[in-house]
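**Student:** generate coordinates for the sequence data below:
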Amino acid sequence: MGHLDHATFGWLTPVLSYVMACIGAALGLRCTVRALGATGRSRRNWLITAASAIGTGIWTMHFVAMLGFGVSGTDIRYDVPLTIVSLLVAMIVVWAGVFAVGYSRDRTRALFLGGLTTGIGVASMHYLGMAAVRLHGHVSYDPALVALSVLIAVVAATAALWAGLNIKSPIAVTVASLIMGAAVASMHYTAMFAVRVHVTPSGHALPGATAMQFIFPLAVGLGSYLFLTSAFVALSPTTGEREASASAQRPVESAAAH
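**Tutor:** Prediction:
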């Protein structure tokens, strides 16, 4: 059995992946807060941004962590189409969960169903990403750790949706995003500790792309999206700020009219 190394670059990939998960969570929570204070098309757009941020953060966290994944005795490649499918799965399931909570009248039920659906979807994204791994050998999993990773994903997703509904202040959002980032990272590494690889040495070239050829550029692109969107959200006035600005302008306009 091949020796698995989950941090071939030391603490760089675990720390960076945690940071990406936290940024995605924080941005998603802030956008959800904006969405719940908006109506119509504005609410829809904020929810889309929230779901994109959370989904991107989770996927980027997973594959930044995978940059540090190595197995002794074999190279590792990634199936490009299947990796892209895992990204789409992350986006779609998070969209479903966020929209269910954002528009449902029975938010308790929506929270339960949204958390369950999103959590299972996030776990599916992870294992699809693992299915995209190509190496010389056979990959198997510890069923107990797989079940635990799915449970962590469901709890983390439910907590994220609950936080989006109930947490408003920037400080509380920051604390919640740090906790959510830790939950997502815990899910990932629990799932990775479930992996068992039986290496079969071979001289044949592996199909697919290396992590640096494909995963790294895509992760950098998605990470840039998160940072730019964070700046946009930070600079955009909240509903309360817009209302305060409108209220301040009314007396000035009334005075000018007289």
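
**Student:** OK, contacts around the closest residue to L12 other than its chain neighbours?
**Tutor:** Leaving aside its sequence neighbours, L12 sits nearest to G68 (C-beta to C-beta, 6 or more residues apart in numbering; 7.2 Å). (C-beta placed from N, C-alpha, C; glycine too.) Residues in contact with G68 (C-beta atoms under 8 Å, 6 or more residues apart in numbering) are D5, H6, A7, T8, F9, L12, T13, P14.

**Student:** cool, F112 as well?
**Tutor:** Counting by C-beta under 8 Å, 6+ apart, F112 has contacts T158.

**Student:** element containing it, please.
**Tutor:** helix 107-131 (DSSP states H and E).

**Student:** tell me which residues of that helix are tucked away?
**Tutor:** For helix 107-131, a neighbour-count test (16 or more other C-beta atoms under 10 Å) marks 107, 110-111, 113-115, 117-119, 121-130 as buried.

**Student:** next, count neighbours for the closest residue in space to P143 that isn't next to it in sequence.
**Tutor:** Closest residue in space to P143, ignoring its immediate chain neighbours: A194 at 8.0 Å, by C-beta to C-beta, 6+ apart. The number of residues packed near A194 is 19, by other C-beta atoms under 10 Å.

**Student:** can you pull out the helices in the protein?
**Tutor:** 12-36, 40-66, 80-103, 107-131, 143-166, 170-193, 216-235, 239-257 (DSSP state H).

**Student:** so which of those is nearest S72?
**Tutor:** In terms of C-beta to C-beta, the element of these nearest to S72 is helix 170-193, at 15.5 Å.

**Student:** give me the contact list for stretch 176-192.
**Tutor:** 4, 6, 14, 17-19, 21-23, 25-26, 29, 57-58, 61-62, 65, 69, 122-123, 126-127, 130, 145-146, 148-149, 152-153, 155-156, 159-160, 163, 167.

**Student:** any idea how far it is from the middle of the chain?
**Tutor:** The chain centroid and the centroid of stretch 176-192 are separated by 10 Å under C-alpha atoms, centre = their mean, to the nearest Å.

**Student:** which parts of that stretch are buried?
**Tutor:** 176-177, 179-181, 183-192.

**Student:** repeat for stretch 219-229
**Tutor:** Neighbour counts over stretch 219-229 (16+ other C-beta under 10 Å) mark A219, L222, G223, Y225, L226, T229 as buried.

**Student:** would TSV of the residues you listed with pLDDT and distance to T210 be doable?
**Tutor:** Shown next, in TSV, are the buried residues of stretch 219-229 (pLDDT from 0 to 100; distance: C-beta to C-beta, whole Å):
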residue	pLDDT	distance to T210
A219	78	13
L222	81	18
G223	79	19
Y225	81	23
L226	82	24
T229	79	28
